[in-house]
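# Turn this into a structure:
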Amino acid sequence: MEVIKASAIYADIIARNGINEVDKDSYVRNLRNKMAFIVEHIALRKMSDFKNRNSIMIPVNDAPIVRNLIMAALDEENFPCVVDWFNGAFDIADAYNCILLFARLYEVIMQVKISSETDSITIDEWLARIKGILNVDLAPNIIKMKHQLEEFKARTFARKNTVSLENAIAAGNKLLPETLLSQITENLSFQNDYFRVLSQIIDYMIKDAEKKAITDSEAYANLSANNKTGSMVS
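This next block holds a predicted model:
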């Protein structure tokens, strides 16, 4: 496998960004930090895995992608989310953020394809690795579920306010039996399977709670009509 020194990648970036000799040393230190992030948080390797004597050696096919990622991580104006991610200031636990970040990283990596600096297999490997790290395939399901939970909250509001205190106390500790949970999850294997089933359950609960809310609201309206002298919130 043909390799190139990391220092050559740094020299290329310095030349492209027009860094002068006065600022060169501190700039290189910053570049090394970005390289370490790529190795440890994207390649999921150790810097020592790429060390040969006193030099860090990067596969030639990967070098253009590494270079572009480092440059994006320095470009606050055009790639602020990439900069924040490399600095540990971007919340990738948020599904929206993951989709946004992947879109920008995709753009950065595809620039290498446009310039024909590496092969399609290498590009696909990098995109697949980043997509897996950010869990991009699962992100739309997480976003959908957040919307469903908000919808559940909004559409079952009447249910919460029409249930009597006695019934609310009685229902406060309801849990599904282990046997039922076991049946539901028996044939589930992948993350998307679990999310699809959770989504189905939430949809069913929304419809069921709405139906019960209508029934309770009608009963409450009849009760209020027969008790006009009572408290307005009783």
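
# hey, let's count contacts and neighbours off CA atoms from now on
Fine.

# Residue 57 belongs to a strand?
Yes. According to DSSP: H, G, I helix; E, B strand; the rest coil, residue 57 belongs to a strand.

# any idea how far the closest residue to it other than its chain neighbours lies from residue 11?
Of all residues not flanking residue 57 in the chain, residue 5 sits nearest, at 4.6 Å (Cα to Cα, 6 or more residues apart in numbering). Distance, residue 5 to residue 11, using Cα to Cα, to the nearest Å: 10 Å.

# neighbour count winner among the two?
More crowded of residue 5 and residue 11, by other Cα atoms under 10 Å: residue 5, with 17 against 14.

# The more buried one is in contact with residue 60, isn't it?
No. Judged on Cα atoms under 8 Å, residue 5 makes no contact with residue 60 at a distance of 9.1 Å.

# And the strands in the protein, which stretches?
3-5, 51-52, 55-59 (DSSP state E).

# Turn the ones you listed into a markdown table, including mean pLDDT.
As requested, these are arranged in a markdown table below (pLDDT from 0 to 100):
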| stretch | mean pLDDT |
| --- | --- |
| strand 3-5 | 97 |
| strand 51-52 | 94 |
| strand 55-59 | 96 |
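
# of all the ones you listed, which lies closest to residue 194?
Smallest distance to residue 194 across those (Cα to Cα): 38.5 Å, for strand 55-59.

# Please name every helix or strand in contact with the closest one.
The contact analysis (3 or more Cα pairs under 8 Å, 6 or more residues apart in numbering; DSSP states H and E) places strand 55-59 against strand 3-5, helix 6-17.

# residues of that strand that come out buried?
Buried residues in strand 55-59, defined by neighbour count with 16 or more other Cα atoms under 10 Å: 56, 57, 58.

# do the same with stretch 21-39
In stretch 21-39, counting by 16+ other Cα under 10 Å, buried: 27, 28, 31, 32, 34, 35, 36, 37, 38, 39.

# Roughly how far does the fifth one sit from residue 108?
In this structure, residue 34 lies at 15 Å from residue 108, with Cα to Cα as the measure.

# on that earlier part again, show the contacting residues for the residue nearest to residue 57.
55, 56, 57, 58 (Cα atoms under 8 Å, 6 or more residues apart in numbering).

# Distance check, it against residue 67.
In this view, residue 5 and residue 67 are 12 Å apart by Cα to Cα.

# now swap in residue 16 and tell me
Distance check for residue 16 against residue 67: by Cα to Cα, it reads 11 Å.

# Residue 195 now?
Residue 195 is 37 Å from residue 67, by Cα to Cα.

# quick one: which of these two has more around it?
Applying other Cα under 10 Å to residue 195 and residue 67 shows that residue 67 carries more neighbours, namely 23 against 17.

# circling back to that earlier point, take the helices and strands packed on strand 55-59 and write them to TSV, including distance to residue 137.
Shown next, in TSV, are the helices and strands packed on strand 55-59 (distance: least, Cα to Cα, whole Å):
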stretch	distance to residue 137
strand 3-5	32
helix 6-17	32
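
# quick one, which of these is nearest to residue 190?
By Cα to Cα (comparing all of the helices and strands packed on strand 55-59), the closest turns out to be strand 3-5, at 37.4 Å.

# Give the pairing partners of the closest one; include direction for each.
Here strand 3-5 has these sheet partners by DSSP bridges: strand 55-59 (antiparallel).
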